[in-house]
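Novice: predicted structure and sequence below. I'll ask about it afterward.
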Amino acid sequence: MAHASDGRSLEFKLPDLGEGLTEAEIVRWLVEVGDVVAVDQPVVEVETAKAMVEVPCPYGGVVTARFGEEGTELPVGAPLVTVAVGDVAADVPARGPGTSAATGTAESPAVEAPAAERRAEGSGNVLVGYGTSEAPARRRRVRADRQAATGASGRANGRARGAEPVDGPVPVISPLVRRLARQHDLDLRELTGSGPDGLILRADVEYALRAAAAQGGRTAAQEAGTGRARDAASPAFPASTPKSADSRPDGTRVPLKGVRGAVADKLSRSRREIPDATCWVDADATELMRARTAMNASGGPRISLVALLARICTAALARFPELNATVDTEAREIVRLDRVHLGFAAQTDRGLVVPVVRDAHARDAESLTAEFARLTEAARAGRLTPGELTGGTFTLNNYGVFGVDGSTPIINHPEAAMLGVGRIVPKPWVHEGELAVRQVVQLSLTFDHRVCDGGTAGGFLRYVADCVEQPTVLLRTL
């Protein structure tokens, strides 16, 4: 994701951040134009649909240009910075803050240098999918006359506008853009992209769809080619039935992007694909709370309640493996998984995230407590990696921390079940034939009805409740 733009500087592009992510939003620049950077020094903080990531630059030298302002969403492969390297770095004048991509194009032309002239220096480090050796040979070349037109055409919404439709393969990186166009029967070959090197972005497709809805008889491609400059500053809204401006409801519009957008997409997919059902039961947690108190009084690291609940979950999944599964819809097969990667819902300032404890079935209460604490702290600080947010096989949702008793949660697709735990509160309870005040909790299990019937789900939940009421039940599996 880095290549020599010319004989003096190197262009560093937004790398593949892993887990199928195709775009990221610039949260904060860590360097200014004119700053001297070292190899592998972070230059920008970006937010993906999974996590906040600091992106290190694999080259050392002087930053000569930054591409995109804070808040700009860039596709993977879009330029981030250009860096003057080697002896020539000292000759590069420092630029003031706020330098845009337009001011940096003189030092980083879009036309790729011949392979023999590419620089091979660098750390060989960083993120998924790129290193610092020779650039890929398949990079699409851009004609010089087209680049000149692009430079002259100015910028729209912070992105350079292309001057003409793209020949050959359609310049689209994001599968979301392709899907949006396909859903609305829009021919991407008729659009002119506003992204780097004519890349077609989601905003280009949304603009074409708005134009088609507003003009009726005119095609989306015609409107995208002739009317873009007229409406470059208009906000991007999904295509829908034409409405007058007065008919829109008043209020604040919040874009569904980043973590919030990823959560919305995943929950919507779960509701569409999974035929879920929920069962629940009240349990007397008095003995579990006493057991935890005794553990913590014996010395050593303190044991958290969620760690004990997680240990109960893994024991229950060992008895009812049907719920540690996923459904392969294309093959029409249920895939029962051998290992338990336990997700847990964590509320942060950036929204709901579900970190994953790997191999939870092989951990004891102390190990689970430590891993829950580490992942929770990383979630609150926005430091979770994509790998720590994916790959779960079962989720534990402790919504009792919000002071509520029950819930019917949405399954974390593509998992097959989620255990919900309400608050533990004193309530009247019949204990050993007498009415007493006990610590009572409501447990719920939401499950994919394709992987099992109600008998299996009820058996799982009953076993969990038995372990909560009588923790000594777990001694059979230790």
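Specialist: Everything's here; your move. These numbers were taken from a predicted model, which means no experiment stands behind them. Numbers count the residues shown, from 1 in each chain.
Novice: tell me how many other residues crowd Val63.
Specialist: Counted by other C-beta atoms under 10 Å, the residues lying close to Val63 total 28. Any C-beta I mention is one placed from the backbone N, CA and C, and that applies to glycine too.
Novice: next, it: secondary structure please.
Specialist: When the structure is reduced to helix, strand and coil (DSSP: H, G, I helix; E, B strand; the rest coil), Val63 reads as strand.
Novice: next, the contact list for it, please.
Specialist: Taking C-beta atoms under 8 Å, 6 or more residues apart in numbering as the definition of contact, the neighbours of Val63 are Val31, Glu32, Val33, Gly34, Asp35, Val36, Val37, Val43, Val81, Thr82, Val83.
Novice: does the fifth one touch Val62 like I think?
Specialist: Spelled out, that is Asp35. Yes: Asp35 lies in contact with Val62 (C-beta atoms under 8 Å); the separation is 7.3 Å.
Novice: of the two, which one has the most company?
Specialist: Counting neighbours by other C-beta under 10 Å for Asp35 and for Val62 shows that Val62 has the greater number, 22 against 18.
Novice: any idea how far the more buried one is from Glu25?
Specialist: Counting by C-beta to C-beta, to the nearest Å, the gap from Val62 to Glu25 is 26 Å.
Novice: try Leu209
Specialist: 22 Å.
Novice: what do you get for Gly387?
Specialist: Gly387 is 20 Å from Glu25, by C-beta to C-beta.
Novice: ok, those two, which is more surrounded?
Specialist: Neighbour count, other C-beta under 10 Å: between Gly387 and Glu25, Glu25 has more, with 19 against 14.
Novice: doesn't that one belong to a strand?
Specialist: Yes: secondary structure of Glu25 (three-state DSSP): part of a strand.
Novice: pLDDT score assigned to it?
Specialist: Confidence per residue is given as pLDDT, and for Glu25 that number is 85.
Novice: now swap in the one 10 residues further on and tell me
Specialist: The confidence metric pLDDT takes the value 91 at Asp35.
Novice: cool, and Ser298?
Specialist: Confidence for Ser298, expressed as pLDDT, is 87.
Novice: for the one 10 residues further on, same thing?
Specialist: Here, the pLDDT recorded for Leu308 equals 95.
Novice: one step back: save the contacts of Val63 as a markdown table, and put in distance to Cys57 and secondary structure too.
Specialist: A markdown table is the format used below for those (distance: C-beta to C-beta, whole Å; DSSP: H, G, I helix; E, B strand; the rest coil):
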| residue | distance to Cys57 | secondary structure |
| --- | --- | --- |
| Val31 | 8 | coil |
| Glu32 | 14 | coil |
| Val33 | 13 | coil |
| Gly34 | 15 | coil |
| Asp35 | 11 | coil |
| Val36 | 12 | strand |
| Val37 | 6 | strand |
| Val43 | 5 | strand |
| Val81 | 6 | strand |
| Thr82 | 10 | strand |
| Val83 | 6 | strand |
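Novice: out of the residues you listed, which are buried?
Specialist: Buried by 16 or more other C-beta atoms under 10 Å: Val31, Val33, Asp35, Val36, Val37, Val43, Val81, Thr82, Val83, out of the contacts of Val63.
Novice: what about Glu388, neighbour count?
Specialist: A total of 20 residues lie near Glu388 under the criterion other C-beta under 10 Å.
Novice: mind listing what it touches?
Specialist: Taking C-beta under 8 Å, 6+ apart, we find Glu388 in contact with Ala51, Pro355, Val356, Leu375, Ala378.
Novice: between the residues you listed, which is nearest Arg450?
Specialist: Each of these was checked against Arg450 using C-beta to C-beta; the closest is Val356, at 22.5 Å.
Novice: now the strands for the stretch 251-400 of the chain?
Specialist: Secondary structure of the stretch 251-400 of the chain by DSSP state E, counting those that start in this stretch: the strands cover 276-284, 325-328, 333-336, 342-344, 346-348, 351-353, 356-357, 394-397.
Novice: let me know which of those strands is tucked in deepest.
Specialist: Among the strands of the stretch 251-400 of the chain, strand 342-344 has the highest mean neighbour count (mean count of other C-beta atoms under 10 Å), at a mean of 25.
Novice: just checking: what are the partner strands of that one?
Specialist: Partner strands for strand 342-344, per DSSP bridges, with pairing direction: strand 356-357 (antiparallel), strand 394-397 (parallel).
Novice: which of those sits closest to Val473?
Specialist: Nearest of those to Val473, taken as C-beta to C-beta: strand 394-397 at 18.2 Å.
Novice: need the next SSE after the closest one, C-terminal direction.
Specialist: Of the helices and strands lying after strand 394-397 in sequence (DSSP states H and E), the nearest is strand 417-421.
Novice: need the CA coordinates for that next one. PDB is fine.
Specialist: Taking C-alpha atoms only, strand 417-421 is exported to PDB below (Å, rounded to 0.1, in the frame of the first residue of the first chain):
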ATOM      1  CA  ALA A 417     -27.600 -18.500  20.700                       C
ATOM      2  CA  MET A 418     -27.200 -15.800  23.400                       C
ATOM      3  CA  LEU A 419     -27.600 -16.100  27.200                       C
ATOM      4  CA  GLY A 420     -29.000 -13.000  28.900                       C
ATOM      5  CA  VAL A 421     -28.600 -12.200  32.600                       C
END
